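Asks: okay, here's the prediction I keep looking at, along with the sequence it came from:
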Amino acid sequence: FGGAFGAGTSTLNDLGENGSDYEDAYTLKSSDVDNPWQDLANAAHTMGVASDEYLIEQLSQYLDIDAALWFVATENIFTDDDGYVNKGGMDYYVYFDVATGRIVPIEYDGNSAMSSQLATSWNPLYKMNDNNFPLMNRLLNIPELRQRYLAHYRTLLEEAIDPAVAHPMIDAYSSLITSAVNAAEVREYSNSQFQSGVSGLKSYFTTRFNYLSSHSELAGAEINFVSVTDSVEGIASTRPKDTQAVDVNAEVQGNIQSANLYYGAGLAGSFIKLPMTVSGNQLTAQIPAMPKGEFVRYYIEAIASDGTASFSPKGAEHDVYIYQVQAAEQVASPVVINELVADNATLVATDAGVFADWIELYNTSDQAVDVSGWYLTDEDTQLDRWALPQGSIIPAGGTLVVWADDEADTLGGLHASFKLSAGGEYVYLVTPQLNIADSVEFVDAPEDQSYARSPNGTGGFEWTSNV
């Protein structure tokens, strides 16, 4: 159908405004949405008819443009001659992301990548002027998107193609199967062919890196991000209330012409572009207040005087800075979280003989406190996740231990309905009125150590083997 391998038809080309116009050019693999063909048509047709002036605004409703740029940059830099970038409408998928309502092109069958014959053949803007390939032809001819693409390309060059990165990775992978190859357990190739392949792969990365490193398209003014911080009323790295805006500040090195802050609500979806104030090497902007419990993503784009774009984090938009708005008010409380253990291998066993996570509460007052009906949770979007049972009384200066073993339904009592993640998370103590009495965040819990206040009830948290 159409050109060779579907180039010019099934390469997200504009075949019309109706979904039915695309059914002969593509194969529908699966779908859980009502009209998948129309979702495809919306993106392809918009890419075909939108003017350069409004392409980003209109197309971003239907296509994840940034993800598409990462996709074609990856195919190009690894010289995948059996995919979208070279052959067109084959060996790639179009995925509809229900979380964002947009389509995303994704890699399929990359077994023909990294060809030594192409190491110095494909420049970074390969196929940009071929209208059979709209992801390059339409997108890369928009200066703003071309600079974004080239920034992503530089990141891939630095983090994946550089021999200092690639060669040790090749050695690590080849060592996994070298003994099997030597023992003739792998029948397809001889040991000498295998060793030659390893050498050839290293040669490819060296040649490709050297070629691209000196390519004029990748040259440009260098911008380095020294620091990026978000703060609330002057306090850095703190979670805002739903009435508080968040100030974002960045320090950069380089000759900055302009900068933009991109932010979005939720863990997925599009971003809102907000110009930043540039004062010397300082960039500032403010994200407006967001609803309680909302996650907020953001990243920064800095543009040099020659138009070169740089991002922080470099992996934007799939790697971003993130914070979460407080889900409830913080109130003063005589009872606090005093200690937790998130990787209990041998310390203390439950009454059932199981080594489970635990959380210790401490009463800082000189009177007993009844915490019946209070809550413990590790999700501030579910503040009432587990309620302390009736009769939960902590004496003055005393403690109460709750097992975080997800055995509430089976064992009852002081056994919570969740476990702690050794990798890290927040733990909240919540009043019956669903206000936060206390909270603690931990990361990378060591085995058989507790994260405890010192002194009890009032001090800062630190990891200790004294429990």
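Replies: Great, that's in hand.
Asks: just to be sure, Thr155 is in a helix?
Replies: Yes - secondary structure of Thr155 (DSSP: H, G, I helix; E, B strand; the rest coil): part of a helix.
Asks: next, the contact list for it, please.
Replies: Thr155 makes contacts with 314-315, as judged by Cβ atoms under 8 Å, 6 or more residues apart in numbering. For the C-beta atoms, the positions are set from N, CA and C on the backbone; glycine is no exception.
Asks: do the one 4 residues further on as well
Replies: With contacts defined as Cβ under 8 Å, 6+ apart, the neighbours of Glu159 are 165, 314.
Asks: just checking, it is part of a helix?
Replies: Yes - under three-state DSSP, Glu159 falls within a helix.
Asks: quick one: pLDDT of it?
Replies: According to the predicted model, the pLDDT of Glu159 comes to 97.
Asks: Val186 too?
Replies: Predicted confidence (pLDDT) at Val186: the value is 65.
Asks: swap in Asp32?
Replies: Asp32 is assigned a predicted lDDT (pLDDT) of 89.
Asks: over to Ser214?
Replies: Residue-level confidence at Ser214 comes out at 93, pLDDT.
Asks: got it, and the one 4 residues further on?
Replies: In the prediction, the pLDDT value recorded for Leu218 is 94.
Asks: correct me, but it touches Ala151?
Replies: No - with contacts defined as Cβ atoms under 8 Å, Leu218 does not count as touching Ala151, sitting 9.8 Å away.
Asks: all helices for the chain, in order.
Replies: 36-49, 55-59, 65-77, 84-87, 134-137, 143-156, 163-182, 191-213, 408-411 (DSSP state H).
Asks: now these as a markdown table including distance to Thr243?
Replies: Putting these into a markdown table (distance: least, Cβ to Cβ, whole Å) gives the following:
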| stretch | distance to Thr243 |
| --- | --- |
| helix 36-49 | 37 |
| helix 55-59 | 31 |
| helix 65-77 | 31 |
| helix 84-87 | 46 |
| helix 134-137 | 42 |
| helix 143-156 | 34 |
| helix 163-182 | 45 |
| helix 191-213 | 49 |
| helix 408-411 | 34 |
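Asks: relative to Ser112, which of the ones you listed is closest?
Replies: For Ser112, the closest of the helices of the chain is helix 84-87, at 8.8 Å, according to Cβ to Cβ.
Asks: tell me the mean pLDDT for the closest one?
Replies: Helix 84-87 comes out with an average pLDDT of 91.
Asks: tell me the helices and strands packed up against it.
Replies: helix 65-77 (3 or more Cβ pairs under 8 Å, 6 or more residues apart in numbering; DSSP states H and E).
Asks: what's the angle between the helix it packs on and helix 143-156?
Replies: Note on geometry: by axes from the mean of the first three to the mean of the last three Cα atoms, to 10 degrees, helix 65-77 and helix 143-156 are set 50 degrees apart in direction.
Asks: tell me which residues are up against helix 65-77.
Replies: By Cβ under 8 Å, 6+ apart, the list of residues contacting helix 65-77 from outside reads 56, 59, 80, 83-86, 92, 104-107, 113, 122, 124, 126, 135-136, 139, 145, 148-149, 152-153, 156-157, 160-161, 208, 212, 316-318.
Asks: how far does that helix sit from the chain's center?
Replies: How far helix 65-77 lies from its chain's middle: 16 Å, per Cα atoms, centre = their mean, to the nearest Å.
Asks: follow-up on the earlier one: please indicate which of the contacts of helix 65-77 are buried?
Replies: Burial by neighbour count, 16 or more other Cβ atoms under 10 Å: within the contacts of helix 65-77 this picks out 56, 59, 80, 83-86, 92, 104-105, 107, 113, 122, 124, 126, 135-136, 139, 145, 148-149, 152-153, 156-157, 161, 208, 212, 316-317.
Asks: returning to that earlier point: nearest to Lys273, out of the helices of the chain?
Replies: Across the helices of the chain, the minimum distance to Lys273, taken as Cβ to Cβ, is reached by helix 55-59, at 9.2 Å.
Asks: contact partners of that closest one?
Replies: The list of residues contacting helix 55-59 from outside it, by Cβ under 8 Å, 6+ apart, reads 43, 46-47, 50, 65, 138, 142, 144-145.
Asks: and stretch 206-218, by the same measure?
Replies: 77, 79, 116, 119-120, 123-125, 150, 153-154, 157, 161-163, 166.
Asks: cool, and stretch 309-324?
Replies: Contacts for stretch 309-324 (Cβ under 8 Å, 6+ apart): 66-67, 70, 144, 147-148, 150-151, 155, 159, 222-225, 228, 230, 239-240, 246, 250, 254, 262, 267, 271, 293-304, 380.
Asks: among those residues, which are in strands?
Replies: When these are checked against strands (DSSP state E), the matches are 224-225, 228, 230, 246, 250, 262, 295-304.
Asks: for those, which ChimeraX command selects only the ones that are buried?
Replies: Isolation of the buried members of the ones in strands among the contacts of stretch 309-324 (16+ other Cβ under 10 Å) is achieved in ChimeraX through the command below:
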select :225,228,230,246,250,262,296,297,298,299,300,301,302,303,304
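Asks: just the pLDDT for Gly2.
Replies: Among the per-residue scores, Gly2 shows a pLDDT of 42.
Asks: quick one, what contacts Val348?
Replies: Residues touching Val348, when contacts are defined by Cβ under 8 Å, 6+ apart, comprise 355, 358, 467.
Asks: now with 10 Å, please.
Replies: Under the criterion of Cβ atoms under 10 Å, 6 or more residues apart in numbering, the neighbours of Val348 are 341, 355-356, 358, 401, 403, 448, 450, 467.
Asks: would JSON lines of those with pLDDT and distance to Ser392 be doable?
Replies: Below are the contacts of Val348 laid out as JSON lines (pLDDT from 0 to 100; distance: Cβ to Cβ, whole Å):
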{"residue": "Val341", "pLDDT": "96", "distance to Ser392": "19"}
{"residue": "Phe355", "pLDDT": "92", "distance to Ser392": "23"}
{"residue": "Ala356", "pLDDT": "93", "distance to Ser392": "18"}
{"residue": "Trp358", "pLDDT": "96", "distance to Ser392": "15"}
{"residue": "Val401", "pLDDT": "96", "distance to Ser392": "11"}
{"residue": "Trp403", "pLDDT": "96", "distance to Ser392": "13"}
{"residue": "Asp448", "pLDDT": "94", "distance to Ser392": "27"}
{"residue": "Ser450", "pLDDT": "95", "distance to Ser392": "21"}
{"residue": "Val467", "pLDDT": "74", "distance to Ser392": "21"}
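Asks: filter the residues you listed down to the buried ones, PyMOL style.
Replies: Here is the PyMOL command that selects only those of these that count as buried (16+ other Cβ under 10 Å):
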select buried, resi 341+355+356+358+403+450
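Asks: so what's the residue count around Gln147?
Replies: Using other Cβ atoms under 10 Å, the number of residues around Gln147 comes to 20.
Asks: that one is in contact with Gly307, isn't it?
Replies: Yes - Gln147 sits in contact with Gly307 when judged by Cβ atoms under 10 Å, with a separation of 5.9 Å.
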